[in-house]
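In: Sharing a model that was predicted from the sequence below.
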Amino acid sequence: MSITWILVANASAASLYVNSGPKKGLQKLKEFEHAASREKGHDLVSDRPGHNKSHGNGHGSYVPAADPKQNEAQNFASQLARELEQGRTANSYQRLILVASAPFIGLINGRLGNHVRALISDSLEKDYTKISEKELARHLESCIYL
């Protein structure tokens, strides 16, 4: 009997479910919250941009290379990828289904190791973080026999 993990995520929240086999349904294993991803960009940085000297008449302003909200989303994706890797090394699951919002699923995929990526059977670009387990099960009927 193979155990399936289902990760349902967006940039600020995620839930990890397990299915232990046919007619076993979904059980929630863990919930993840990343409040910093909900913050406004200017609240994530400590102060205004600094100034740098430029050649010419004016002064330039330093603009960060990355958006602070994007950095927080990347940090959360890394946290989720580590959780999936720990589950794989502990042999807690043999199959993985990823369900995440369109931009965030790419961040997660980019941080997964090859071994975890090989266990992904299905990937859905949807944000199902706010729906009930019953609704989620209905959406996953094509992927898994619950």
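Out: Structure received.

In: quick one: low-confidence ranges for the chain?
Out: 1, 36-66 (pLDDT under 70).

In: Can you pull up the most central residue in it?
Out: Closest to where the C-alpha atoms of the chain average out (C-alpha atoms, centre = their mean) is Ala77, at 4.4 Å.

In: gap between it and Gln27?
Out: Distance of Ala77 to Gln27, computed by C-beta to C-beta, to the nearest Å: 24 Å. (Glycine included, C-beta is placed from N, CA and C.)

In: ok, now Val99?
Out: In terms of C-beta to C-beta, Val99 sits 16 Å off from Gln27.

In: Compare those two (neighbour count), which wins?
Out: Val99 (25 against 11; other C-beta atoms under 10 Å).

In: The residue nearest to the centre of the chain: what's its closest spatial neighbour, skipping adjacent residues?
Out: Leu107 (3.8 Å; C-beta to C-beta, 6 or more residues apart in numbering).

In: sec struct for that neighbour, please.
Out: helix (DSSP: H, G, I helix; E, B strand; the rest coil).

In: That one: neighbouring residues, count only.
Out: So Leu107, with other C-beta under 10 Å, has 21 neighbours.
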